[in-house]
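S.K.: Build me a structure from this.
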Amino acid sequence: MLASAKNMNPVKNPTKQTVILVPGFCEPRPLLWPLRLTLRSPAVVNGHCTRKVRIFKDRIVFRDLENSASKLRQQIESLLKEPNHSVAIVTHSFGDWVARQAISRVLQDFEGRDAPAISLASIAPIMTASPIARGLHWLGGDVISEVAVMSNASRASTNVTFDVAIPRLIVWANVDVWIRTMELEGNALLEIQHIWASHLSIVLHPRVHRSVKKFINGVIA
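M.R.: So this is what the prediction gives:
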């Protein structure tokens, strides 16, 4: 079920922004190095905000999903405790599922208060059941925790939207045999793009790098 959304009140003119890149299933961290390099420059954005970019450290397969979401949540909350700090999460594939669980919990903690300055850029995200994951699940059942989620439409779509609307960018690959796209109800904080790329090549695509950079620059303007 898609949750209703309320407007968020982000930090105005933040002086610091941390970008956390979250890899997908069986995705080596070096695959995100080109994107990290693009987002690192310049170190000072819009003349007033310093930016740091890091890759979330976690197992790429056989994850303890509860632990992964909790660890990312703790990192986000730790950064948000700092004054005038904005956090941008950039994900690929299954990394988006992990990030959505973490962000949802962070937003629950802010219920009744101004929403934190969080934005989410999702590159070829897992939002519904994956045909290939269903095949892997048929062969191995729930042995691989990530496959157990990706093969189940209900679990894969958990927290596709949040109770509080945050700035979001979703980039779909037009030639993607791994995942299926999902149409989300549009709102002023949601941007959706489609790129001619495969599930893996999209994270290396220069156009995607430019789009993500423009997006995360925009949320601190």
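
S.K.: alpha carbons only for contacts and neighbour counts from here, please
M.R.: OK.

S.K.: Look up how far Ile144 lies from Val160.
M.R.: Applying C-alpha to C-alpha, to the nearest Å, the value for Val160 to Ile144 is 22 Å.

S.K.: Revised request: answer the last question for Ser211.
M.R.: Going from Ser211 to Ile144 by C-alpha to C-alpha gives 33 Å.

S.K.: ditto for Pro42
M.R.: Pro42 is 39 Å from Ile144, where distance means C-alpha to C-alpha.

S.K.: Could you do His85 as well?
M.R.: In this view, His85 and Ile144 are 36 Å apart by C-alpha to C-alpha.

S.K.: Can you list the neighbours in contact with stretch 180-188?
M.R.: Ile126, Met127, Thr128, Ala129, Ser130, Pro131, Trp172 (C-alpha atoms under 8 Å, 6 or more residues apart in numbering).

S.K.: out of His85 and Ile144, which sits in the busier spot?
M.R.: Just comparing His85 and Ile144: by other C-alpha atoms under 10 Å the higher neighbour count belongs to His85, 24 against 15.

S.K.: What about the residue lying closest to the more buried one once chain neighbours are set aside, how many residues nearby?
M.R.: Spatial nearest neighbour of His85, excluding adjacent residues (C-alpha to C-alpha, 6 or more residues apart in numbering): Lys16 at 4.9 Å. Lys16 has 20 neighbouring residues, counting by other C-alpha under 10 Å.

S.K.: thinking Lys16 is in contact with Arg51, fair?
M.R.: Yes: between Lys16 and Arg51 there is a contact at 6.0 Å, judged by C-alpha atoms under 8 Å.

S.K.: List the contacts of the helix or strand bottoming out on mean pLDDT in the chain.
M.R.: Least confident element among the helices and strands of the chain, by mean pLDDT, DSSP states H and E: helix 131-140 (a mean of 81). Helix 131-140 has contacts (C-alpha under 8 Å, 6+ apart) with Val147, Ala148, Met150, Ser151, Asn152, Val177, Trp178, Ile179, Arg180.
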